[in-house]
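> quick one: sequence plus predicted model below, questions after.
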Amino acid sequence: VVERPGDRRSPCRGGMEPIAIWVRPEEEWAIVHRCGTCKVVRVNRIAGDDNEHALLSLAARAIARPPFPLDRLPD
């Protein structure tokens, strides 16, 4: 949880919720945030003091709950 949002704050000043992890082409991890008020989406690189367990949990969420039905994947 970010206590001082800084550049993660949305234009409407609403609270940003981490929703995903993105691995950039240069293999740097970034956190995808969505504003709880205006729904704007922002991407910020991870910081050295970010909780590793929380980051892995966020990354695993995408695998555990994909945005498409897994039974439609070819065998």
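Noted; the coordinates are in hand. Residues are numbered from 1 along each chain as shown.
> can you pull out the helices in this protein?
Applying DSSP state H to the chain gives helices spanning 52-64.
> for it, give me the ranges with low pLDDT.
Within the chain, the segments meeting pLDDT under 70 span 1-10.
> recalculate using a threshold of 50.
For the chain, applying pLDDT under 50 flags the ranges 1.
> ranges for the strands of it?
Ranges of strands in the chain, per DSSP state E, are 16-23, 29-35, 41-45.
> out of those strands, which gets nearest to Arg61?
strand 16-23 (7.5 Å; CB to CB). Backbone N, C-alpha and C define where each C-beta goes, glycine included.
> would you format the strands of the chain as JSON lines with distance to Leu73 and mean neighbour count included?
Shown next, in JSON lines, are these (distance: least, CB to CB, whole Å; neighbours: other CB atoms under 10 Å):
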{"stretch": "strand 16-23", "distance to Leu73": "20", "mean neighbour count": "15"}
{"stretch": "strand 29-35", "distance to Leu73": "23", "mean neighbour count": "18"}
{"stretch": "strand 41-45", "distance to Leu73": "26", "mean neighbour count": "14"}
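> so which of these is nearest Phe68?
Among these, strand 16-23 sits nearest to Phe68 (CB to CB), with 14.8 Å.
> parallel or antiparallel, list what pairs with the closest one.
Using DSSP bridges, strand 16-23 pairs in its sheet with strand 29-35 (antiparallel).
> starting at the chain centroid, how far to the strand it pairs with?
Computed by CA atoms, centre = their mean, to the nearest Å, the separation of strand 29-35 from the middle of its chain amounts to 3 Å.
> got the strands of the chain as JSON lines, with distance to Pro67 columns?
Supplementary listing: those in JSON lines, determined by distance: least, CB to CB, whole Å:
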{"stretch": "strand 16-23", "distance to Pro67": "10"}
{"stretch": "strand 29-35", "distance to Pro67": "13"}
{"stretch": "strand 41-45", "distance to Pro67": "14"}
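> of all those, which one is nearest Ile63?
Each of the strands of the chain has some distance to Ile63 by CB to CB; the shortest is strand 16-23, at 10.5 Å.
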